[in-house]
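Asker: 3D, please:
(chains A and B)
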Amino acid sequence: MTKLNTYEAALAAYEPVLGLETHIELDTATKMFCGCATTFGAEPNAQVCPVCLALPGALPVANKAAVEATMKIGLALNCRIAEWTRFARKNYFYPDMPKNFQTSQYEEPLCEDGYVDVVVDGESYRVEIERVHLEEDTGKTLHVGGATGRIHGATESLVDYNRAGIPLVEIVTKPVPGTGALAPEVARAYATELRDIVRSLGVSDVRMEQGSMRCDVNVSLNRPGDEWGTRTETKNVNSLRSVERAVRYEIRRQSALLDSGDKILQETRHFHETTGETSPGRSKEEATDYRYFPEPDLAVMEPSKEWVEALRASLPEPPRKRRERLQADWGLGDKEMQSVVNADAVELIEATIAAGAGASGAVKWWLGELSRRANETGAELGALAITPAQVAELQGMVEDGRLNDKLARQVIDGVLAGEGGPAEVAAARGLEVVSDTGALEAAVDEAIAANPAVAEKIRGGKHAAAGALIGAVMKATKGQADAGTVRQIILDKLS
Amino acid sequence: MSDRIIDKYAVELAADIREGRLSAVEVTTAFLDRIAAVDGTVKAFLHVDREGALATAAEVDAARAAGEELGPLAGVPIAVKDVVVTKGLPTTAASKILEGWIPPYDATIVERLKAAKMPILGKTNLDEFAMGSSTEYSAYQQTANPWDTGRIPGGSGGGSAAAVAAKMAPLAIGTDTGGSIRQPGAVTGTFGGKPTYGSNSRYGLIAFSSSLDTPGPVSRTAVDGALLHEVISGHDPRDSTSIDAPVPPVFEAARLGARGDLSGVKLGVVKEFAEGTDAAEPGVVAAYEAGVEQLVKLGAEIIEVSCPSFTYALPTYYLIAPSEASSNLARYDGVRYGLRTGDDGERGLEEVMSLTREAGFGPEVKRRIILGTYALSAGYVDAFYGKAQKVRTLIKQDFEKAFEQVDALISPTTPFTAFKFGERTGDPYQMYLADLYTIPSNLYGGPGVSVPVGLSEGMPVGLQVMGPVMGDDITYRVAAALETTQEPLLADTAPDIHANVRFTSFSEGGK
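Answerer: Residues are numbered from 1 along each chain as shown, chains lettered A, B, ... in the order given. Coordinates of the predicted model:
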């Protein structure tokens, strides 16, 4: 059993240093070095050719759109674009890598020396970017016959080369010290910011759950004043929340080891989504010598100043600036806006407003009820089966008095269950507010008759007691009455 | 010239076909029959495609009958070194690891041969993955030198050179990484041209050393080679290292050279090569020097130039080429195609990969993979691969400086004539010396041709002409001019191979 310290105890004794390596699959129409399509979810080995299968004699040609997308990412991360850059071969044997080398970049990356500022708890942290380089993805191996889906115990391994050769951008930070107890939050904020930046550029769909954005999280601990400690690299971190959890777990695990005088192994670890734990992967002792050398099959690239400047000029408003603008437009406080960002709801709210809702209504639904639903199912907010336009429609119905909040929540149930849009669901489920005053008066009369003591209190001027009668009426009308209207009728009758 | 179809040059055959004196089917049949008659002795071909070749020939004849204009080499058959992929035809690189593999695509140069309507006779033997200078490292068979069947035909393109020398094909495709077109040309008395690196597409050429590999023509004359050069050359968007510029006018240059006038042409003799003639056999030196005298008679001016870094060309090459090869050959792992050994359902993946490579690669390939892996390893890469790249730059600079003074450089193609089978396989370094004079051009990227210049103890000697990058034309001009001093042409004096000559590895040679 792995020994763990409490997070508080770990932070009392050690300072964490972070580092993140992020891989982002670009959404170019064709692969990095050949003309094959890149559509997600195609039949295995349907999107392959001599080049990406590494048949004898086949040669790569670099995808210009991918080079351009990488430069855009570099520029958006405040990097310097290389005047002279080339690909390199990273040599190692693996069956899902057709050439048994990965065409990547080594000493001459396309972009270098940038930074991203992230805000956590009102405090700004600068995460420095060491490099942004372009490489190709590998295929996928499926191990079958074993219990775990892993290679242990498997009877066969199947390889799908559809993903082999899809352009992959690797973004490496410099070590990030000085985040203290907020290290997990800073890591998450960086990953979120990076994702938002890349998404704003329109060069990737950056979906961690589909693997189009993958984070490797490096963590080391040192005692205050000491040199940085040995780091571990945790892979298989598949959501923003997991980035935070992985850092937190490693801090707790490493601090317990250090406390008992053990050494931290420099190793690759795997994050387990279900338990939130990490387990050892390949250790340094078995690490491959990649024998990097410049890729002789690809011409050197020398991006011209004009090209770089044209790309710089084409960059969209940075997500952070955009957020500041939206926060002002929406009239939100820092805390509220932070919640919006944390919930990954900026675009959703913006789209909801664009569809006609007021800012406060849009924020209320996405941050309240819908976030709660997302948390319940563990889904991302954007993955819920309700569109911003539907949320705007719902809010409109509330503002028109056709729905109250309780009914609106039931409408959401229906929309999420795929029963149609809000109006359809309300009609089909009979969820309109009862506006027939005659029916309400009858219900109020019944409630007064059933609760004479309460009625007497109200008559005596205790208006707060009306709540009990309102509750009874709402119960009788199955929530379909407007609480304000009911209250007014009660007060009218009893004064 | 003789009346035999197989004795004719490619230009003559093309004209005969175009003008209706011969049909393409007749021509192709003659070469196929020649293969059937003598290849049992020479063993130049790994695969013969009689049906495919005749089908292309029939198309040419039909096109002519329909009044279509025929291209410059339409109907002229050709042999292709088995390191160039051909759709539907087995392609092995003479390695067991690719036994039985049928490529699903054509190399760009093969597409161009097909577009030129040249019947492909078959695939020729080579040293495995083009690594060697004698074709003895083929995993399949030993190819004989038609001048003496007890001797090697050079390598790695011994099959293509021997096929042309024995008149089983008027033309062939070779590939040259360190001399694999030129050295076989020299030792079989044929013409071989290594074009400027990047001027001929490598797409579909099974990679040995990506920064050095260059496909090119094998023929009996410079004019024939130039025609073929123009058919296969030119920019290819599928090869990132392909040069996007017009092909140098090599055919015109060869015709100019064939007028026998080299007035005003300055030819450089590399001082350091002359000093190193220790390595060259006296007979080779004598034949080469006689050739230089002929060039002077044709009007050329000979100037001594210094290329000090050429001294390091051989060790530089044997770091760069194996380094790239170690990576290029990593894909042969038994996972996707070719040989797979030991997959018994019990063994793990790494073990199967390892057994496959153990069984599939021959000794020279393994030697170079190990050498290259070592040269790229952490802690050694700077001292070996890195240093070699620096020397490569110096060699390029030597060439560039030399071409400020001269139009082309000349040298013997190779230090020794065809040796006997087995003579150098025991000592890799002795084998590597065969490429002493050809390697510099590969490291530089410029063109080089080998043209027969004379005999030494009855075996052919070649003269090499090296040009500046994209200056292929001058190399053809000089070669064609040298040919005018030979009557008959050396390439036409090869002993005829008869079907009843039995192969023997004990021949004493020197006919």
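Asker: Within the helices and strands, which one has residue A:214?
Answerer: Assigned by DSSP states H and E, residue A:214 falls within strand A:213-222.
Asker: Packing partners of that strand?
Answerer: Taking 3 or more C-beta pairs under 8 Å, 6 or more residues apart in numbering or on different chains; DSSP states H and E as contact, the helices and strands that strand A:213-222 lies on are strand A:15-25, helix A:183-201, strand A:232-237, helix A:240-259. Backbone N, C-alpha and C define where each C-beta goes, glycine included.
Asker: Show me the strands paired with it, marking each as parallel or antiparallel.
Answerer: strand A:15-25 (antiparallel), strand A:232-237 (antiparallel) (DSSP bridges).
Asker: Show me the one of the ones you listed that comes nearest residue A:436.
Answerer: Residue A:436 lies closest, by C-beta to C-beta, to one member of these: strand A:232-237, at 55.7 Å.
Asker: centre of the chain versus the closest one, how much separation?
Answerer: Relative to its chain's centre, strand A:232-237 lies at 17 Å (C-alpha atoms, centre = their mean, to the nearest Å).
Asker: just stretch B:107-127 next, same as before
Answerer: 14 Å.
Asker: How about that stretch, which residues are buried there?
Answerer: Judged by neighbour count (16 or more other C-beta atoms under 10 Å in any protein chain shown), stretch B:107-127 contains these buried residues: B:107-113, B:116-127.
Asker: Can you name the element that comes right after the helix or strand of chain B with the lowest mean pLDDT?
Answerer: Within chain B, judged by mean pLDDT, DSSP states H and E, the helix or strand with the poorest mean is helix B:271-275; its value is a mean of 86. Next helix or strand after helix B:271-275 toward the C-terminus (DSSP H and E): helix B:282-297.
Asker: Touching that following helix from outside, list them.
Answerer: Under the contact criterion C-beta atoms under 8 Å, 6 or more residues apart in numbering or on different chains, helix B:282-297 has outside partners B:262, B:267, B:269, B:277, B:280, B:302, B:410-412, B:414-417, B:453-457, B:461, B:463, B:478, B:481-482, B:485.
Asker: mind checking how far it is from the chain centre?
Answerer: How far helix B:282-297 lies from its chain's middle: 23 Å, per C-alpha atoms, centre = their mean.
Asker: ok, now stretch B:73-81?
Answerer: Taking C-alpha atoms, centre = their mean, one finds the center of stretch B:73-81 at 15 Å from the center of the full chain.
Asker: Then stretch B:13-24?
Answerer: Distance, centroid of stretch B:13-24 to centroid of chain: 27 Å (C-alpha atoms, centre = their mean).
Asker: For that stretch, measure first residue to last.
Answerer: Stretch B:13-24 has an end-to-end distance of 9 Å (C-alpha to C-alpha, to the nearest Å).
Asker: what's the model's confidence in it, averaged?
Answerer: Summarised as a single mean, pLDDT over stretch B:13-24 is 97.
Asker: any low-confidence regions in chain A?
Answerer: A:1, A:147-152, A:282-287, A:435 (pLDDT under 70).
Asker: Show me what from it comes close to chain B.
Answerer: Within chain A, the positions lying close to chain B (C-beta under 8 Å from any C-beta of the partner chain) are A:50, A:53-62, A:89, A:91, A:93, A:95, A:98-101, A:155, A:157, A:159, A:289, A:291-293, A:296-299.
Asker: Restrict those residues to the buried ones and give me that as a PyMOL selection.
Answerer: The buried residues among the residues of chain A next to chain B can be selected in PyMOL (16+ other C-beta under 10 Å) with this line:
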select buried, chain A and resi 50+53+54+55+56+57+58+59+60+61+62+89+91+93+95+98+99+100+101+157+159+291+292+293+296+297+298+299
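Asker: Contacts only, for residue 95.
Answerer: Picked chain A for this. A:141, A:157, A:159, B:333, B:335, B:349 are the contacts of residue A:95 under C-beta under 8 Å, 6+ apart.
Asker: Wait, chain B was what I had in mind.
Answerer: Applying C-beta under 8 Å, 6+ apart, the residues near residue B:95 are B:128-129, B:139, B:332, B:360-362, B:365.
Asker: so what does the least confident helix or strand of chain B touch, helix or strand wise?
Answerer: For helix B:271-275, the packing partners by 3+ C-beta pairs under 8 Å, 6+ apart come out as strand B:301-305.
Asker: report the angle between the axes of the strand it packs on and helix B:282-297?
Answerer: 130 degrees (axes from the mean of the first three to the mean of the last three C-alpha atoms, to 10 degrees).
Asker: got a list of contacts for the helix or strand harbouring residue A:337?
Answerer: Remark: residue A:337 resides in helix A:334-342, with elements defined by DSSP H and E. Helix A:334-342 is contacted from outside by A:119, A:122, A:192, A:323, A:326-327, A:330, A:332, A:346, A:349, A:363, A:366-367, using C-beta under 8 Å, 6+ apart.
Asker: Just the buried residues of the helix or strand following it, please?
Answerer: Scanning forward in sequence from helix A:334-342 by DSSP H and E, the next helix or strand is helix A:346-354. Neighbour counts using 16+ other C-beta under 10 Å place A:346-353 of helix A:346-354 among the buried residues.
Asker: Which one of those residues is nearest to chain B?
Answerer: residue A:347 (38.4 Å; C-beta to the nearest C-beta).
Asker: Let's verify the residue nearest to residue B:302 when sequence neighbours are not counted: helix, strand, or coil?
Answerer: Leaving aside its sequence neighbours, residue B:302 sits nearest to residue B:267 (C-beta to C-beta, 6 or more residues apart in numbering or on different chains; 5.5 Å). Here residue B:267 is recorded as strand under DSSP: H, G, I helix; E, B strand; the rest coil.
Asker: Who wins on neighbours among the contacts of helix A:334-342?
Answerer: Within the contacts of helix A:334-342, neighbour counts (other C-beta atoms under 10 Å in any protein chain shown) peak at residue A:366, which reaches 27 neighbours.
Asker: and that one, that's in a helix?
Answerer: Yes - using three-state DSSP, the secondary structure at residue A:366 is a helix.
Asker: ok, the closest residue to it other than its chain neighbours - contacts?
Answerer: Of all residues not flanking residue A:366 in the chain, residue A:345 sits nearest, at 4.4 Å (C-beta to C-beta, 6+ apart). Residue A:345 makes contacts with A:363, A:366-367, A:371, A:381, as judged by C-beta under 8 Å, 6+ apart.
Asker: next one: residue B:423
Answerer: Counting by C-beta under 8 Å, 6+ apart, the residues that residue B:423 touches are residue B:430.
Asker: what do you get for residue B:329?
Answerer: Contacts of residue B:329 (C-beta under 8 Å, 6+ apart): B:129, B:361, B:365, B:369.
Asker: what about the second one, how many residues close to it?
Answerer: If I follow you right, that is residue B:361. Neighbours around residue B:361, by other C-beta under 10 Å: 23.
Asker: Tell me if I'm right that it and residue B:369 touch.
Answerer: Yes - Residue B:361 lies in contact with residue B:369 (C-beta atoms under 8 Å); the separation is 7.1 Å.
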